[in-house]
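Enquirer: Quick one: sequence and predicted model below, then my questions.
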Amino acid sequence: MRRRHREWTTAADGFTLVSPTPSRIRDFTLLVIVVAGLATWGFVHFTHLRAHVPALQPSVIYGTGRTNTSGMTCTAVTSGTCASWTLLGVGQRAAKAEGTPCASAKADQSTGRWVCVTP
C-alpha cells in the first residue's frame, strides 16, 4: 500500500504539488519570468538593427577655408570682411572656394566657387 504525503494530491493525469505559496505571488512570479524572457529575446534579436540616417548635410562647406574657435567658417564676404558665418556640423569640413571674391561675394555650395552678389 502506498502512502501519500499531504502536500501531494492526485489528478487525472498524475500527481500535482499543492504549493503553500499564495496564487497572487505565483502569478506575479510567472509574469516576471515571462517579461524577462521576452526582453531577453528582443534584446538578442533586435540589437543588431541600427538607424540608417541619410547624410543630408554636405561634407564640405565652401568659403574662406578657415574656421574660427566656435567651429564656424565664413561663407560670404562684403568689402573684405565676413558677412555670413556657417556653423560646421559633425563630419563637415571647411574648404576654400575657387576664384577671387568680389567686393560682395557668396560661396556657392554646389559649385565650390565665389559668386558675386549685388548688395
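Expert: Cool, the structure landed.
Enquirer: Low-confidence ranges, this structure, go.
Expert: 1-19, 50-57, 119 (pLDDT under 70).
Enquirer: quick one: the helices in it?
Expert: 23-46 (DSSP state H).
Enquirer: The residue nearest to residue 58 when sequence neighbours are not counted and residue 93, how far apart?
Expert: Leaving aside its sequence neighbours, residue 58 sits nearest to residue 109 (CB to CB, 6 or more residues apart in numbering; 6.3 Å). No exception for glycine: its C-beta is placed from N, CA and C like everyone else's. Distance, residue 109 to residue 93, using CB to CB, to the nearest Å: 13 Å.
Enquirer: Give the residues shared as contacts by those two.
Expert: residue 61 (CB atoms under 8 Å, 6 or more residues apart in numbering).
Enquirer: More neighbours: which of these two?
Expert: More neighbours surround residue 109 than the other of residue 109 and residue 93, with 15 against 12 (other CB atoms under 10 Å).
Enquirer: where does the more buried one fall, phi/psi-wise?
Expert: phi -70, psi -20 (degrees, to the nearest 10).
Enquirer: Would you mind measuring from it to residue 75?
Expert: 8 Å.
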